[in-house]
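> need a structure here:
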Amino acid sequence: MPQRHRPAYPAEFRERLVELVRSGRSPEDLAREFEPSAQAIRNWVAQADRDRGARSDGLTTAEREELRRLRRENKQLKIEKDTLKKPPPGSRRRPIRFRPRIRIRESASSTSMPALEARTGRRASTATFARRTRCVWAQSVSHA
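Numbering: from 1, shown residues only. You can find the predicted model right below:
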């Protein structure tokens, strides 16, 4: 069975208890009189000290809020980036990230664009030329 989570105490209530601790009352006395535990009251006092600059052993409330906001934004950006990497539904294309790099070396290629056009009888696109020369280049490298 899931545990119930108690809603946070109002800020005014916490501030009042912090003032009572600073005036000399112990957190244990306040815990018996009010609902929060003594440790919760001590934590509130320590956080109030950080916020006013009396302590430097942790983050202030404003810094915590900024960190929480930045982590949430970072998580959302990662989700969006992963979504953009995927190909659109119904597409048989691989994502751009996985496409092999094309290297064309004139010395390794025995095929030229006009020769390719003459052999096929139609105008060759640059992509077709790159694909064919890559195959020729890969064959020449493997035989070397």
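> Residue 30: neighbouring residues, count only.
20 (other C-beta atoms under 10 Å). For every residue, glycine as well, the C-beta is placed using N, CA and C.
> let me redo that: residue 61
Applying other C-beta under 10 Å, we find 12 residues neighbouring residue 61.
> Check what pLDDT it gets.
As predicted, residue 61 sits at a pLDDT of 93.
> Then residue 39?
Here the pLDDT value assigned to residue 39 is 96.
> Look up the closest residue to it, ignoring the ones flanking it.
residue 27 (7.7 Å; C-beta to C-beta, 6 or more residues apart in numbering).
> same check, this time on residue 31
Leaving aside its sequence neighbours, residue 31 sits nearest to residue 38 (C-beta to C-beta, 6+ apart; 4.1 Å).
> Any regions of this protein where pLDDT drops low?
Applying pLDDT under 70 to the chain flags the ranges 1-2, 92-144.
> Run a quick neighbour tally on the residue nearest to residue 39.
20.
> related to what we said a few turns ago, quick one: the residue nearest to residue 31 from residue 27, how far?
Going from residue 38 to residue 27 by C-beta to C-beta, to the nearest Å gives 4 Å.
> now swap in residue 7 and tell me
Relative to residue 27, and taking C-beta to C-beta, residue 7 is found at 21 Å.
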